[in-house]
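K.L.:
Predicted model follows, preceded by the sequence.
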Amino acid sequence: MDVIWEGIIEALRLMLQGDPEVWQITLLSLQVSGIATGISLVIGLPLGTWLALGLFRGKGCFLSLINTGMALPPVVVGLWVSIFLWRSGPLGDLHLIYTPTAMVIAQTIIAAPVVTGLTAAALQQLDPRLQLQLLGLGASRRQMVFALWREARLPLLAALMAGFGAVISEVGASMMVGGNIRHQTRVLTTATVLETGKGNFALAIALGFILLLLAYMVNMLLTWIQQRDG
Amino acid sequence: MRKLTFILTLFFVLVLSACAPAAPVVKDMILATTTSTQDSGLLDVLVPEFEKQSGYVVKTIAVGTGQALQMGEECNADVLLVHAPASEVAFMEKGAGKERMLVMHNDFIIIGSPEDPAGIKGAASTEEAFQLIAEAQAPFVSRGDDSGTHKAELALWKKAGVTPEGDWYIETGQGMGATLKVADEKDAYTLTDRATYLANKEGLGLEILLEGDAALLNVYHVISVNPTACPKVNEEGALAFARFLTDPETQKTISEFGVDQYGEPLFFPDADKTDADLGLP
């Protein structure tokens, strides 16, 4: 039990004293996962909308595929991205393996299906008559989509939070494609694995607390945007 | 809509800030090494010094020796710092490596609970100790991860003429630090490198039961990946790193590492010795 107290004290000490290494690791975690979530939003919002509103053959099949994508194990994504980015792989000449960019790629592959799937679910949940009504009122297709997004803003932001939550907390892919390199690709989750391996349990617990705090702050910001007004 | 614009702007700013510090591609060098060197903290001392002296940016990937050698063979690393001499010789014979230099050694120890149920304390040799453990069916925790330590352990079982199998033989598939923890929880025997044991000693109920046998030396070599087999390899960087590790200045740093914290050195420099001096083929 002592180790938990030590962990909490260590977490407070690291945050209050602003340990530069922990600070850098935290910032990198936020950056990598933030960018990956952002790209997932850019991909997932239009794709999810198209899946929800479009009428085409194989829609159910495609939706199931996206929903399966939500369950993609990070290590599997990490393995595939590694195979492509290794020097011996097809994209080896880009020199991307063991860089933050590689981590962003892997995390985007993890988060994009989550954002897409939940976007589609959010829009399908709206009353289908709303679409007809908006078009009937003379809205262009584009205006209609914006109005629907506005109507579904609560579940859409929840989709974004789920995407961010999936990537900020994953360790398998970041470890494989990033390599957990000190000062370069070490993030909170991989640092936690490393410190646990070294037997520094207090520090590992402290890193875990910082990760949770970070996730809490990001989600608080998004929830604030979500709940503000209409 | 304003909110969306706000979020997008936020991410855009993040993207830009991530792109800013871009190092020149040719300066990158991938070092594949073992978890034991990383966990001991030695690389945290040596790598920054090398980067300062040479201007290379080192990407240290800590994996098991087996995976490190595999990475070298598949051209996914430039230089290796590993400790599994038999596999390394095979690696060189395949033409996968160019230069191979002796760097340092530390030693393995056998630790276990102070009760010592198999009675290995005072055994004449490592073989005998392993035979005693197998006969007593006393729990033994193995790394089981194809690391240098795991390979050394398997070689010792082979030498002892025992096939480790059964409920008493526990394979963790994890690094040394985690494996020590498992051994501690299960009051089991395990083979560990001294550095990781000393770094984790506090909080472990296990003690050293056998040490000092010549069969327990853990020898590290640096290997540069062969540019003939891998044209994309950073040969210059690899050789610079090998030269740096065997440089007298660095060798002195190695011999002093850990003394202030543990009262004894964790690694012993060997660049001026030959494989034969350490009893290797």
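P.N.:
The structure has been received and is ready for your questions.
K.L.:
any idea which element residue B:208 lies in?
P.N.:
Under the criterion of DSSP states H and E, residue B:208 resides in strand B:207-210.
K.L.:
Run the chain-centre distance for stretch B:39-54.
P.N.:
15 Å (Cα atoms, centre = their mean, to the nearest Å).
K.L.:
Contacts made by that stretch with the rest, please.
P.N.:
Residues outside stretch B:39-54 that contact it (Cβ atoms under 8 Å, 6 or more residues apart in numbering or on different chains): A:182, A:197-198, B:31, B:33, B:37, B:56-58, B:60, B:62, B:175-177, B:193, B:195-196, B:199, B:237, B:240-241, B:244-245, B:250, B:253-254, B:257-258, B:266-267. (Glycine included, C-beta is placed from N, CA and C.)
K.L.:
So which of the residues you listed sit within helices?
P.N.:
A:197-198, B:37, B:176-177, B:195-196, B:199, B:237, B:240-241, B:244-245, B:250, B:253-254 (DSSP state H).
K.L.:
among those residues, which ones are buried?
P.N.:
Buried members of the ones in helices among the contacts of stretch B:39-54, counted by 16 or more other Cβ atoms under 10 Å in any protein chain shown: A:197-198, B:37, B:176-177, B:195-196, B:199, B:237, B:240-241, B:244-245, B:250, B:253-254.
K.L.:
Could you identify the most distant pair in those residues?
P.N.:
The distance between the two most remote of these (Cβ to Cβ) is 30.3 Å, for B:177 and B:240.
K.L.:
packing partners for the helix or strand containing residue A:44?
P.N.:
Element membership for residue A:44, per DSSP H and E: helix A:20-53. On a contact count with 3 or more Cβ pairs under 8 Å, 6 or more residues apart in numbering or on different chains; DSSP states H and E, helix A:20-53 meets helix A:59-69, helix A:100-124, helix A:141-151, helix A:153-168, helix A:188-198, helix A:201-227, helix B:2-19.
K.L.:
Recalculate using a threshold of 7 Å.
P.N.:
helix A:59-69, helix A:100-124, helix A:153-168, helix A:188-198, helix A:201-227, helix B:2-19 (3 or more Cβ pairs under 7 Å, 6 or more residues apart in numbering or on different chains; DSSP states H and E).
K.L.:
give me the number of residues near the closest residue in space to residue B:272 that isn't next to it in sequence?
P.N.:
Nearest residue to residue B:272, sequence neighbours excluded (Cβ to Cβ, 6 or more residues apart in numbering or on different chains): residue B:251, at 7.8 Å. Residue neighbour count, defined by other Cβ atoms under 10 Å in any protein chain shown, stands at 19 for residue B:251.
K.L.:
How much space separates residue B:251 from residue B:101?
P.N.:
Taking Cβ to Cβ, to the nearest Å as the measure, residue B:251 falls 11 Å from residue B:101.
K.L.:
What of residue A:225?
P.N.:
In terms of Cβ to Cβ, residue A:225 sits 58 Å off from residue B:101.
K.L.:
Over to residue A:99?
P.N.:
Counting by Cβ to Cβ, the gap from residue A:99 to residue B:101 is 29 Å.
K.L.:
Likewise for residue A:88?
P.N.:
For residue A:88, the distance to residue B:101 equals 25 Å [Cβ to Cβ].
K.L.:
again, but for residue B:91
P.N.:
From residue B:91 to residue B:101 the distance is 14 Å (Cβ to Cβ).
K.L.:
who has more neighbours, those two?
P.N.:
residue B:91 (24 against 16).
K.L.:
where's that one, which helix or strand?
P.N.:
Here residue B:91 sits within helix B:85-93, counting by DSSP H and E.
K.L.:
List the buried residues of the next helix or strand after that helix.
P.N.:
Sequence order places strand B:97-112 as the next helix or strand after helix B:85-93, per DSSP H and E. Applying a neighbour-count criterion of 16+ other Cβ under 10 Å, one finds B:97-112 buried in strand B:97-112.
K.L.:
For the closest residue to residue A:67 other than its chain neighbours, give me its contacts.
P.N.:
In space, and not counting its chain neighbours, residue A:67 is closest to residue A:117: 5.0 Å by Cβ to Cβ, 6+ apart. By Cβ atoms under 7 Å, 6 or more residues apart in numbering or on different chains, the contact list for residue A:117 reads A:48, A:66, A:67, A:70.
K.L.:
Now flag whichever of these is closest to residue B:138.
P.N.:
For the contacts of residue A:117, the residue nearest residue B:138 by Cβ to Cβ is residue A:70; the value is 46.4 Å.
K.L.:
Up against chain B, what does chain A have?
P.N.:
For chain A, the residues found near chain B under the criterion Cβ under 7 Å from any Cβ of the partner chain are A:31, A:34-35, A:38, A:86-88, A:95, A:98, A:100, A:146, A:179, A:181-182, A:184, A:196-199, A:225.
K.L.:
got the contact list for residue B:256?
P.N.:
Counting by Cβ under 7 Å, 6+ apart, residue B:256 makes contact with residue B:265.
K.L.:
er, residue B:239 actually
P.N.:
B:99, B:224.
K.L.:
Can you give me the separation between it and residue B:189?
P.N.:
Here the criterion is Cβ to Cβ. By it, residue B:239 lies 41 Å from residue B:189.
K.L.:
Would you check that residue B:178 makes contact with residue B:172?
P.N.:
Yes - shown here, residue B:178 and residue B:172 form a contact pair, counting by Cβ atoms under 7 Å, at 6.4 Å.
K.L.:
Measure how buried whichever residue of chain A sits closest to chain B is and give me the count.
P.N.:
Nearest residue of chain A to chain B, counting by Cβ to the nearest Cβ: residue A:38, 3.0 Å away. When neighbours are counted by other Cβ under 10 Å, residue A:38 registers 23.
K.L.:
And the pLDDT for it?
P.N.:
pLDDT recorded at residue A:38 is 97.
K.L.:
Tell me the bridge partners for residue B:225.
P.N.:
Residue B:225 has these beta-bridge partners by DSSP bridges: residue B:97.
K.L.:
number of nearby residues for it?
P.N.:
Residue B:225 is flanked by 28 other residues according to other Cβ under 10 Å.
K.L.:
Residue nearest the middle of the chain, spatially speaking?
P.N.:
Just so you know, I chose chain A. In chain A, the centroid-proximal residue (Cα atoms, centre = their mean) is residue A:164; its distance is 3.0 Å.
K.L.:
wrong one, I was asking about chain B
P.N.:
In chain B, the C-alpha nearest the mean C-alpha coordinate belongs to residue B:34, at 3.1 Å (Cα atoms, centre = their mean).
K.L.:
Spit out the contact partners of that one.
P.N.:
So residue B:34 contacts B:62, B:64, B:65, B:68, B:82, B:83, B:147, B:148 (Cβ under 7 Å, 6+ apart).
K.L.:
okay, now the fifth one: neighbour count?
P.N.:
Residue crowding around residue B:82 was assessed by other Cβ under 10 Å; the count is 30.
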